[in-house]
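Asks: quick one: sequence plus predicted model below, questions after.
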Amino acid sequence: MEKTLPSASAASTGLSRRGFLAAGAAATSVAWTAQSYARVIGANDRIRIGFIGAGGMANGHMDAINALKEPNNLEALAVADCWKTRADEGAKKVGGKSFTDYRALLDIREIDYVTIATPEHWHAQMTIDAMDAGKAVYCEKPMTHSIPQAQAVMKKQKETGRPLQVGVQAMSDDSYSSAAQAIAEGVIGQVVQAQIEYVRRYDKQGPWRSPDITDATPQPGDLDWSAWLGNAPKVEWNPHHYFEWRNYSAYSGGICTDLFIHRITRIMKACKLLYPRRVVGMGGIWQWPDGRDLPDNFELIAEYPRGMTVYVLGTMSNRVGIDHLIRGYRGTLYFTGSGWVAKDKDGKILATHEKTGGEDIHLHHTNLQKHLREGAELNCPVELGMAGVVAVNMANQSWRSGQMMAWDAGQAAMVPAHELPFNPYPEKAS
């Protein structure tokens, strides 16, 4: 008989308290509750926000907060960016103060949370500094640039109790928590495989290139280039590095961290996955050998301890995609534009779900605000952000090294797969 699962309410579209097990640095499973780290803000109190970063994605966050200002009782107090012109423009847009040093913004006691929308190599330090300053954080995906950085952020979050929402906005679509419920109830039987993609077709410039940027593009006079580099290797001004940073491994993980993180996190939530057992990343700089050091076409296969694999396709040369689905022994769950449908091998419908929410930056911010006011569970908390960082970094390292990578749970680190004993059996849940 066909089954229709209930939709989650807007305030409960995150992971259920019993539905998803969080992991510590050694992948020890523990349950968490939203109340354990929610900041106590009255239901009618104004929430005050600061913005770190004022570029393209950051302007999307500013637009969202401007739209939510009245209905959600918000106030933007400040914008920080190491390019002063951008900081000033952002501050004018939201009606706050302008800073070129984000630490000055963090000194504003009244700010309740900060949005971090900067290149990936700055995410960890800014997030840690913000939590140390007593702020909640909305950090754009990926949560960090590397696995050790993610571990440091997770440790700091546990120490400070400051809420952290990772900017995988699709987690504000309840299709994935609903799918997790259906899978746990055995609707499609034992899960063995999932597939998903993020495909695009770029023009002759290639991924993340701008025709307006050339070798001769000058450094803006009011941009602090050294501050932008931070802990990245010190190099002379390079307009391609600044404006097209997603093409360079010093600042980004490219397709894996910028795009795949959106997709694989969906499967992680639906299948209650944390750290992969083994990962392979394959691809290359096949169409745009223009000085980039990250692939322009890429694929990922991850094997998880529960006994399943996840495949992610990422061509940037062809936008023909593949179905987003999860395969089980009893049936297959297909994600659709309106939710999902599960069918058996003969096409008989086993269950359906009409989604609430969606991949929406407004909903994702609203979820964090409800967390601060009411203790609503975060849709993409630190544990899920950490799991995503592990998977995509393992794939990139596999590509670089030409080796399959494995997760050493005892050491909480990725290692070449041949260094760990091979286990063909799924691990029993504790």
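Replies: Done, it's in.
Asks: where in this structure is pLDDT low?
Replies: Low-confidence segments of the chain (pLDDT under 70): 1-40, 43, 428-430.
Asks: and Leu105, which of the three is it?
Replies: helix (DSSP: H, G, I helix; E, B strand; the rest coil).
Asks: isn't it up against Asp81?
Replies: No - under the criterion of C-beta atoms under 8 Å, Leu105 is not in contact with Asp81, lying 9.9 Å apart. Any C-beta I mention is one placed from the backbone N, CA and C, and that applies to glycine too.
Asks: ok, the two, which is more surrounded?
Replies: Neighbour tally, Leu105 and Asp81, criterion other C-beta atoms under 10 Å: the higher count belongs to Asp81, 30 against 26.
Asks: roughly how far does that one sit from Glu419?
Replies: As judged by C-beta to C-beta, to the nearest Å, Asp81 and Glu419 stand 43 Å apart.
Asks: hang on, the earlier thing: got any residues that touch both of Leu105 and Asp81?
Replies: Residues touching both Leu105 and Asp81 (C-beta atoms under 8 Å, 6 or more residues apart in numbering) are Ile52.
Asks: secondary structure element for the closest residue to Ala302 other than its chain neighbours?
Replies: Closest residue in space to Ala302, ignoring its immediate chain neighbours: Pro276 at 4.2 Å, by C-beta to C-beta, 6 or more residues apart in numbering. Of the helices and strands defined by DSSP states H and E, none includes Pro276.
Asks: what sits against Pro276?
Replies: Listed by C-beta under 8 Å, 6+ apart, the contact set of Pro276 reads Ala302, Glu303, Tyr304, Val310, Val390, Ala391, Met394, Trp407.
Asks: among the residues you listed, which ones are in helices?
Replies: Of the contacts of Pro276, the ones assigned to helices by DSSP state H are Val390, Ala391, Met394.
Asks: by neighbour count, which of these wins?
Replies: When neighbours are counted by other C-beta under 10 Å, Ala391 leads the ones in helices among the contacts of Pro276 with 30 neighbours.
Asks: go ahead and confirm that one touches Ala302.
Replies: Yes - assessed by C-beta under 8 Å, Ala391 is found in contact with Ala302 at 5.5 Å.
Asks: find the residues that touch each one of those two.
Replies: Contact criterion C-beta under 8 Å, 6+ apart; residues shared by Ala391 and Ala302: Ile264, Pro276, Val279.
Asks: from Leu164, how far out is the last one?
Replies: If I follow you right, that is Val279. Counting by C-beta to C-beta, the gap from Val279 to Leu164 is 24 Å.
Asks: show me what the host helix or strand of Ala194 packs onto, helices and strands only.
Replies: In this structure, Ala194 is located in strand 191-197 according to DSSP H and E. Using 3 or more C-beta pairs under 8 Å, 6 or more residues apart in numbering; DSSP states H and E, the elements in contact with strand 191-197 are helix 261-271, strand 308-315, strand 325-328.
Asks: show me what contacts the most centrally placed residue in the chain?
Replies: Nearest to the mean C-alpha position of the chain, by C-alpha atoms, centre = their mean, lies Lys141 at 3.5 Å. Taking C-beta under 8 Å, 6+ apart as the criterion, Lys141 is in contact with Val166, Gly167, Val168, Thr257, Asp258, Ile261, His262, Thr265, Gly385, Gly388.
Asks: show me what counts as buried in stretch 122-131.
Replies: Trp122, His123, Ala124, Gln125, Met126, Thr127, Ile128, Asp129, Ala130, Met131 (16 or more other C-beta atoms under 10 Å).
Asks: so which strand or helix has the third one?
Replies: The secondary structure element spanning Ala124 is helix 123-132 (assigned by DSSP H and E).
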